[in-house]
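Asks: from the sequence below, what's the structure:
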Amino acid sequence: MFIKDLQKCEQFTARDNTILRELLHPLKENLKLRYSLAYAIVKPGETSRRHKLIHSEVYYILEGEGVMYIDNEFEKVYPNQAIYIPPHSVQYIKNMGSGDLKFLCIVDPAWRPEDEEIV
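Replies: Numbers count the residues shown, from 1 in each chain. As a prediction, this is how the structure comes out:
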């Protein structure tokens, strides 16, 4: 059995300027998974940097409210919404609330630095 506590995950600032904690990553923990799972925070009034991945990604909003930008589209996002981000799409998210915007990031196959481009 493998269980990982969010509070025991190292917190760091990702290249896209989100605050991240990696929960599951098959290359780092020898797990038989295709995807990686991270917990992300964007502080009030802040925006992640424009970036794109060569693979698809899903955000699942846990807390807060924001605006999700994918290529030429944008939409307000709220808790309990899942957002599909197609491969090669320019994406970023802005926190529009007074508290932290918290969400899960699922990348399949698992995220690797060489698969992401800051634009």
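Asks: okay, which residue is most central for this structure?
Replies: residue 105 (3.5 Å; C-alpha atoms, centre = their mean).
Asks: can you confirm that one is in a helix?
Replies: No - Residue 105: not assigned to a helix; according to DSSP: H, G, I helix; E, B strand; the rest coil it is strand.
Asks: touching, it and residue 61? I think so.
Replies: No - using C-beta atoms under 8 Å, residue 105 makes no contact with residue 61, being 10.9 Å away. From N, CA and C alone the C-beta is placed, and that goes for glycine too.
Asks: quick check: pLDDT value at the closest residue to residue 65 other than its chain neighbours.
Replies: Residue nearest to residue 65 in three dimensions, not counting chain neighbours: residue 97, with 4.4 Å by C-beta to C-beta, 6 or more residues apart in numbering. The score at residue 97 is 96. That number is its pLDDT.
Asks: surely residue 97 is in a helix?
Replies: No - membership of residue 97 in a helix is not supported by three-state DSSP, which gives coil.
Asks: so how far is the lowest-mean-pLDDT helix or strand in the chain off the chain centroid?
Replies: Lowest on mean pLDDT, DSSP states H and E among the helices and strands of the chain sits helix 26-29, with a mean of 91. Chain-centre distance of helix 26-29: 18 Å, with C-alpha atoms, centre = their mean, to the nearest Å.
Asks: just the C-alphas of it, formatted as PDB.
Replies: The C-alpha trace of helix 26-29 is given here as PDB (Å, rounded to 0.1, in the frame of the first residue of the first chain):
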ATOM      1  CA  PRO A  26       5.900   7.300 -11.200                       C
ATOM      2  CA  LEU A  27       9.400   8.200 -12.000                       C
ATOM      3  CA  LYS A  28      10.200   9.500  -8.500                       C
ATOM      4  CA  GLU A  29       8.400   6.800  -6.400                       C
END
